[in-house]
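Student: Pasting a predicted model and its sequence here:
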Amino acid sequence: MTAPTPRVAIATTAAAFRAALPQGGRLLGLDVGTKTIGTALCDAGWSFASPAQLIRRTKFTADKAALLALSTQQQVVGWVIGLPLSLDGSESPRTQSTRAFARNCADLGLPLLLWDERWSTVSAERALIAQDMSRAKRAERIDNHAAATILQAAIDALVLAPVEPGVPLAPPGSAD
């Protein structure tokens, strides 16, 4: 009989996430959509985020396996998941869907951070336009660039976050 995989708590602040992480290590940023999951990776020193591979959504089990494979291959120590809040900061059905996605991934044993992703897609699109990228190429790459924008904002906050050992994380499924 095998022991069940431990569930990890889900952080909602940079300080709580940092307390759950080892010093440094690569992080995976996720922009979870209904048709795709944009991914981004950062360096182990938390300096810069770069777009990674696009995962086309199928069944949740396959999506989770693809993310785990990428995490294992890239030696990822934690995930930053974009939380799609409304512009006024309120929650929507997409927000609840993303929270459920995070809860369902908590059994992987990696620390998870839900990060406000408002304006990430707009920011990514502006950056791609500034690179004079065609509309067709932008459509292919926007989700990964949005994931990089989300991850970059989170690692910038992580670097500035106070190191507070023992900061409690919100348990999976909490309203926080």
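Tutor: Thanks, I have it.

Student: list the buried ones in stretch 77-95?
Tutor: 77, 78, 79, 80, 81, 82, 83, 84, 85, 95 (16 or more other CB atoms under 10 Å). Using the backbone N, CA and C atoms, a C-beta is placed for each residue, glycine as well.

Student: So the second one versus residue 21, what's the distance?
Tutor: From residue 78 over to residue 21 the distance is 5 Å, taken as CB to CB, to the nearest Å.

Student: related to what we said a few turns ago, take the buried residues of stretch 77-95 and keep only those in strands.
Tutor: Among those, DSSP state E puts 77, 78, 79, 80, 81, 82, 83 in strands.

Student: doesn't residue 28 make contact with the third one?
Tutor: Yes: distance between residue 79 and residue 28: 4.9 Å, which falls inside the contact criterion (CB atoms under 8 Å).

Student: can you list residues touching both of the two?
Tutor: 67, 71 (CB atoms under 8 Å, 6 or more residues apart in numbering).

Student: helices and strands of the protein: which one bottoms out on pLDDT?
Tutor: helix 120-130 (a mean of 70; mean pLDDT, DSSP states H and E).

Student: Rounded mean pLDDT for the next helix or strand after that one, please.
Tutor: Using DSSP states H and E, the next helix or strand after helix 120-130 towards the C-terminus is helix 135-160. The average pLDDT for helix 135-160 rounds to 84.
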